[in-house]
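Student: sequence plus predicted model, see below.
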Amino acid sequence: MDVDEGRLADDFSGRQWGVSIRTASEARSEDARADQDAKSQKEQKQLRDDGSKILAALDRLANEDGVASYNKVRDAAGLSGPRMTRGVLALVEEGVVSEGKMVVTIGSNAKRQVAGLQRVKATALTRDSA
């Protein structure tokens, strides 16, 4: 049972008495839906926060070509593998970051190809002068 008493205004108006009755299964369904909505909002916030961390790390670590090693960005952002993957996929879908390969020099001065990340360069909008 839900009771809505309204809000008391300065002039004592606004009071009401609204009663609604739900079955137990309806109440459980609404509670489950509210829990799922809260969980989804929390996941979306975490995804946005992770994306911000990824972009900040990418900006700090990018070489002269604007590319940084995927693993170094992940480590600098302080993200686990799954969270990094979800964050990068979201940024790729938004068109903010692209994935590719880059060449790095390893300890023995050998060259090795690794996964890299790069910000997508914004294209300038042009207007037709027609």
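Tutor: Received, thanks.
Student: then the helix or strand where Q113 lies to CSV, C-alphas only?
Tutor: Taking DSSP states H and E as the definition, Q113 sits inside strand 111-119. Extracted in CSV, the C-alpha atoms of strand 111-119 (Å, rounded to 0.1, in the frame of the first residue of the first chain):
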residue,chain,number,x,y,z
LYS,A,111,61.1,-3.7,-32.9
ARG,A,112,57.7,-5.2,-32.1
GLN,A,113,54.2,-4.5,-33.3
VAL,A,114,51.7,-3.9,-30.5
ALA,A,115,48.1,-2.7,-30.1
GLY,A,116,47.8,1.0,-30.1
LEU,A,117,45.2,3.8,-29.5
GLN,A,118,44.9,7.1,-31.1
ARG,A,119,42.4,10.0,-30.8
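Student: show me the helices in the chain, by range?
Tutor: With DSSP state H as the definition, the chain shows helices at residue ranges 24-61, 70-77, 81-93.
Student: Q113 is nearest to which of the ones you listed?
Tutor: helix 70-77 (11.8 Å; CB to CB). In this view, the C-beta of every residue, glycine as well, is placed from N, C-alpha and C.
Student: contacts for the closest one?
Tutor: Residues from elsewhere that reach helix 70-77, judged by CB atoms under 8 Å, 6 or more residues apart in numbering: 50, 53-54, 56-58, 60-61, 81, 84, 87-88, 99, 114-117.
Student: what subset of those is buried?
Tutor: By neighbour count, with 16 or more other CB atoms under 10 Å, the contacts of helix 70-77 hold D50, K53, I54, A57, L58, L61, M84, G87, V88, G116, L117 as buried.
Student: and stretch 72-86, which residues are buried?
Tutor: In stretch 72-86, counting by 16+ other CB under 10 Å, buried: K72, V73, R74, A76, A77, L79, R83, M84, R86.
Student: brilliant, that's me finished.
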